[in-house]
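1. Next one to model:
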Amino acid sequence: MESKARVKWLGLAEGLREALTEMCARVGCTPEDVDWEDAQWYQSQSWTEQAQWDYRMWLAEKLVERQDLRNSLMKSSTRRRRTCEAAADEFIFQWGWTTGDAQIGTKAKAPEVTENLHGLTESEGVEEPKPVRKVKGKPKAKEE
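-> Have a look, this model is predicted:
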């Protein structure tokens with residue numbers, strides 16, 4: 001007879017199982033090692049910030065590539081990269097392991113994003129727009 005946790009695992013959508021299987025592999029366990037019935041199951045493993053970042057990039061790429069995965073994990077089925085990255089962030093927030101160094105080594109800092117608001121890298125020479133300063137009161141009349 002199968003355990004309740006195994007039955008619950010089999011009841012998940014295929015895309016969710018695939019994402020969770022990869023997430024488990026990133027910390028050196030299998031989905032069968034995780035007690036999905038435990039309310040604190042996500043604390044049974046931990047990963048570094050670098051491992052979390054790498055998983056985020058992997059998941060975002062898979063979401064861009066595969067419609068079936070987008071249908072399972074996203075509210076929208078758009079292939080836009082930023083939307084898929086936001087969906088990967090939401091997935092990690094909802095399903096991800098705790099961030100720490102207990103399981104797979106020391107903490108690593110996630111790479112810094114070098115894109116500005118325009119989607120161009122800073123090395124391309126585009127500066128961020130400066131904020132407009134608002135002045136209270138009536139504008140002064142020009143003297144002639």
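2. So what does residue 46 look like in phi/psi?
-> Backbone torsions of residue 46, given as degrees, to the nearest 10, read phi -140, psi 160.
3. swap in residue 47?
-> Phi and psi for residue 47, reported as degrees, to the nearest 10, are phi -140, psi 160.
4. ok, now residue 96?
-> Main-chain dihedrals, residue 96, degrees, to the nearest 10: phi -70, psi 160.
5. Residue 23 is in contact with that one, correct?
-> Yes. Contact criterion Cβ atoms under 8 Å: residue 96 and residue 23 qualify, at 7.0 Å. No exception for glycine: its C-beta is placed from N, CA and C like everyone else's.
6. Quick one: neighbours of residue 13, just the number.
-> The local packing of residue 13 (other Cβ atoms under 10 Å) involves 13 other residues.
7. and it, how far is that from residue 57?
-> Distance, residue 13 to residue 57, by Cβ to Cβ, to the nearest Å: 22 Å.
8. Then residue 42?
-> 20 Å.
9. who has more neighbours, these two?
-> For residue 42 versus residue 57, neighbours defined as other Cβ under 10 Å are more numerous around residue 42 (16 against 13).
10. all helices for the protein, in order.
-> Per DSSP state H, the chain carries helices over the ranges 4-10, 14-26, 49-65, 67-73, 81-95.
11. Mind checking these for the one nearest to residue 36?
-> Ranking the helices of the chain by proximity to residue 36 (Cβ to Cβ) places helix 4-10 first, at 4.7 Å.
12. Residue 27: how many residues sit nearby?
-> 19.
13. Confirm for me that it is in contact with residue 97.
-> Yes. Counting by Cβ under 8 Å, residue 97 is a contact partner of residue 27 at 6.1 Å.
14. which stretches of this protein have low pLDDT?
-> 1-11, 101-144 (pLDDT under 70).
15. Great, nothing more from me.
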